[in-house]
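Trainee: After the sequence you'll find the predicted model.
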Amino acid sequence: RPRWLLGRRSCASCPVPAPILYRAVRRERSWSLSCEVLLKMAMHVPKPPGFAQMLKDGAKHYSGLEEAVYRNIQACKELAQTTRTAYGPNGMNKMVINHVEKLFVTNDAATILQQLEVQHPAAKMLVLASHMQEQEVGDGTNFVLFFAGALLELAEELLRMGLSISEVIEGYEAASKKALEILPDLVCCSVKNLQDPTDVTPVIRTAVMSKQYGNEDFLSKLITQACLSIYSEKGHFNVDNIRVCKILGSGVLSSSVLHGMVFKRETEGDVSSVKDAKIAIYSCPFDCMVTETKGTVLLKNADELMTFSKGEEDLMEVQVKAIADAGANVIVTGGKVADMALHYANKYKLMVVRLNSKWDLRRLCKTIGSTALPRLTPPTPEEMGYCNSVYLSEVGDTQVIIFKHDKEDGLISTVVIRGSTDNIMDDIERAVDDAVNTFKVLTRDNRCLPGAGATEIELAKRITTYGESCPGLEQYGIKKFAEAFESVPRALAENSGIRANEIISKLYAVHQEGNKNIGFNIESEGSGLKDMLEAGILDPYLVKYWGIKLATNTAVTVLRVDQIIMAKQAGGPKPPPQKKDWDDDDQNE
């Protein structure tokens, strides 16, 4: 035992008792190390008692109104506010650059949310509701977002007033049930004949107008023509049967519809146009069979060299001649095209087309009524497809192959979109997608509601009256639910640069007189109103029905959360970022 520790209770510069210090010095063999060990022991702070004590280090836990409920509401409000400015024909575009640095310029809420990759758990619920609306009816995603955001914003006001969460939820659920009961009474018309373009076009025009304001008349006629050409009398309609082909150049008004399919490819052989085409489709390469084993051939003279590939050439000619004798004059293959096979195809005047995508091959089979053959065998008449004409054409400076049907009863139609930039064409494609989904909704339920805020103001008026007749505290939730409907005409007015309060007061005044079809006229100079049935601004019934239902369910789900428990994220430290062009040769060396 060191002399300086004899008879002392502790070190002068350290509060640790001498016996403990002595044992530490002996164990560590060093004064500095022993002090470090003892300081670490002193710095250990035990976890506070309660829920956090059960969780691992790094886990987060929030509970109560201030920490959990208001935080969730704030996140959802921020997300709803982001897409609210993109609502309606005068909505602003968002410029989104995703994780692979692809640029999107659009006001389509579904695309914006898909590329944002929202991480907040409560805001992600809104994204899932919007995605569900997209799957169910294909339109109205923005309505779900900002209507749910408005419900949560007004619920926060009620909670700060002193109402309990259960009373707010009870009021919202009662109001939602009442709104869905009122909705059938607000139907202004129905599309009686889905085969008549004059009946269908106004509904499709409204869907297109929100994405392509100014081009809605031209595009709605194109899309209606494409939809009616594949709509069967039995009522069957598949959204996937409307294809889109984007070709850069010219302008939007140069877009067209073709009954058949268009591929941005060139023909492989010399034949570039065939009338009354009989088409054989192969999922295998257009080549002769290759043996699995390799061998060595010893050639002794020039004759053997000349006749070496004669057998292979003869076999290839027999196969191609058999296809031509079967009646086929067009061959479509999903693999590579050999030079020798192409030579004999040109000899027998066969047009050869190569499609790399197996999905394109399947859709073409569906269009022409053909069967894809796995081997290069002569097709039977049942396995061959028929098309009025197959030809190579040039659209702008792009070579395209067109499989065209003269009759308008084909299984697939293609909308050829023209535009000056890729972003414009992408936005038109999204408008086409929304319009085609709208037609699909009409085949399920042909009822229509007045648009431009007319339906929402009428619902707000009737639900407010219903809330005043309720005796309990849930009446406050019912009235706030009605107030949330005002967010639709408010968003339309604000995005058009007009005072929203003035529009809403005018709409209430007109609806009190019994004019339930009157909505906000965005084309007027000031705060003008118009009959939406006469103007042809119509929304499908199912879009509003599912929008109200999904938005309410999402708002109630978010309000029911009173605790947020986040486990520590798995995985170690992230690798350091590499140079962007690390594999490029250094030009300076």
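Mentor: Received, thanks. Numbers count the residues shown, from 1 in each chain.
Trainee: longest helix in this structure, by residue count?
Mentor: Counting by DSSP state H, the longest helix found in the chain is helix 422-444.
Trainee: which strands and helices sit next to that helix?
Mentor: strand 103-106, helix 197-209, helix 216-230, strand 242-248, strand 413-419, strand 538-540, helix 541-559 (3 or more C-beta pairs under 8 Å, 6 or more residues apart in numbering; DSSP states H and E). C-betas here are computed from N, CA, C, even on glycine.
Trainee: Tell me the helix or strand right after it.
Mentor: For helix 422-444, the following helix or strand on the C-terminal side (DSSP states H and E) is strand 447-450.
Trainee: What are the boundaries of the helices in the stretch 451-589 of the chain?
Mentor: Counting by DSSP state H, counting those that start in this stretch, the stretch 451-589 of the chain has these helices, from start to end: 454-468, 474-484, 487-495, 500-512, 532-535, 541-559.
Trainee: Repeat that for the stretch 201-350 of the chain.
Mentor: 216-230, 302-307, 310-325, 339-347.
Trainee: which of those helices has the lowest average pLDDT?
Mentor: Lowest mean pLDDT within the helices of the stretch 201-350 of the chain: helix 302-307, at a mean of 75.
Trainee: residues making contact with that helix?
Mentor: Contacts to helix 302-307, defined as C-beta atoms under 8 Å, 6 or more residues apart in numbering, come from residues L299.
Trainee: Relative to the whole chain's centre, how far out is it?
Mentor: 61 Å (C-alpha atoms, centre = their mean, to the nearest Å).
Trainee: Please work out the average pLDDT along stretch 250-268.
Mentor: On average, stretch 250-268 scores 82.
Trainee: looking at the helices and strands packed on helix 422-444, which is buried most?
Mentor: strand 538-540 (a mean of 27; mean count of other C-beta atoms under 10 Å).
Trainee: That one pairs with which strands, and in what direction?
Mentor: strand 447-450 (antiparallel) (DSSP bridges).
Trainee: Identify the residues contacting the strand it pairs with?
Mentor: So strand 447-450 is contacted by 183-184, 186-191, 203, 455, 516-519, 532-533, 537-541, 544 (C-beta under 8 Å, 6+ apart).
Trainee: Buried ones only from those residues, please, as a PyMOL command.
Mentor: Filtering the contacts of strand 447-450 down to the buried ones (16 or more other C-beta atoms under 10 Å) takes a single PyMOL command:
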select buried, resi 183+186+188+189+191+203+455+516+517+518+519+532+533+537+538+539+540+541+544
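Trainee: so how far is A484 from S166?
Mentor: 19 Å (C-beta to C-beta, to the nearest Å).
Trainee: more neighbours, these two?
Mentor: Legend: neighbour count by other C-beta atoms under 10 Å for S166 and A484, higher for A484 (28 against 12).
Trainee: Once you drop chain neighbours, what's closest to the more buried one?
Mentor: A150 (4.1 Å; C-beta to C-beta, 6 or more residues apart in numbering).
Trainee: Quick one: classify that neighbour as helix, strand or coil.
Mentor: A150 falls in the helix class when you classify it by DSSP: H, G, I helix; E, B strand; the rest coil.
Trainee: Can you report how many residues neighbour it?
Mentor: 25.
Trainee: show me what contacts the residue nearest to L154 when sequence neighbours are not counted?
Mentor: Leaving out its chain neighbours, the residue that sits closest to L154 by C-beta to C-beta, 6+ apart is K480, at 4.0 Å. Contact analysis of K480 by C-beta under 8 Å, 6+ apart lists L151, L154, A155, E157, L158, V168, G171.
Trainee: One more pass at 7 Å, please.
Mentor: K480 is in contact with L154, A155, L158, counting by C-beta atoms under 7 Å, 6 or more residues apart in numbering.
Trainee: Of those residues, which is the nearest to V127?
Mentor: A155 (19.1 Å; C-beta to C-beta).
Trainee: Count residues in the vicinity of the closest residue to that closest one other than its chain neighbours, would you?
Mentor: In space, and not counting its chain neighbours, A155 is closest to V168: 5.1 Å by C-beta to C-beta, 6+ apart. Residue neighbour count, defined by other C-beta under 10 Å, stands at 27 for V168.
Trainee: For V168, give me the pLDDT.
Mentor: V168 is given a pLDDT of 86.
Trainee: Pretty sure L158 is one of the things it touches, is it not?
Mentor: Yes. Under the criterion of C-beta atoms under 7 Å, V168 makes contact with L158 at 5.1 Å.
Trainee: Spit out the residues that contact the two alike.
Mentor: G477.
Trainee: ok, back up a step: among the helices of the stretch 451-589 of the chain, which is nearest A129?
Mentor: Smallest distance to A129 across these (C-beta to C-beta): 4.1 Å, for helix 541-559.
Trainee: I'd like to know which elements that closest one is packed against.
Mentor: The helices and strands touching helix 541-559, judged by 3 or more C-beta pairs under 7 Å, 6 or more residues apart in numbering; DSSP states H and E, are helix 121-136, helix 141-161, helix 165-182, helix 422-444, strand 447-450.
Trainee: which secondary structure elements does the second one contact?
Mentor: What it means is helix 141-161. helix 70-84, helix 109-116, helix 121-136, helix 165-182, helix 474-484, helix 487-495, helix 541-559.
Trainee: any idea of the mean pLDDT for that helix?
Mentor: 87.
Trainee: Can you give me the buried ones in it?
Mentor: For helix 141-161, by 16+ other C-beta under 10 Å, it's 141-156, 158-159.
Trainee: Next: stretch 167-179.
Mentor: E167, V168, I169, E170, G171, Y172, E173, A174, A175, S176, K178, A179.
Trainee: thought the last one was touching E458?
Mentor: To tie it back to what came earlier, the one meant is A179. No. Here A179 lies out of contact with E458, judged by C-beta under 7 Å, at a distance of 10.4 Å.
Trainee: Overlap of the contact sets of those two?
Mentor: Common neighbours of A179 and E458 (C-beta under 7 Å, 6+ apart) do not exist.
Trainee: now the helices of the stretch 201-350 of the chain in TSV, with distance to Q195?
Mentor: Putting those into TSV (distance: least, C-beta to C-beta, whole Å) gives the following:
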stretch	distance to Q195
helix 216-230	6
helix 302-307	65
helix 310-325	40
helix 339-347	42
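Trainee: Low-confidence ranges, this protein, go.
Mentor: 1-65, 67, 235, 289-293, 407-410, 526, 564, 566-589 (pLDDT under 70).
Trainee: returning to what we had before: what would the helices of the stretch 451-589 of the chain look like in TSV with distance to E266?
Mentor: Below are the helices of the stretch 451-589 of the chain laid out as TSV (distance: least, C-beta to C-beta, whole Å):
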stretch	distance to E266
helix 454-468	51
helix 474-484	55
helix 487-495	45
helix 500-512	55
helix 532-535	47
helix 541-559	42
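Trainee: So for E78, which of those helices sits nearest?
Mentor: That would be helix 541-559 among the helices of the stretch 451-589 of the chain, by C-beta to C-beta, at 13.1 Å.
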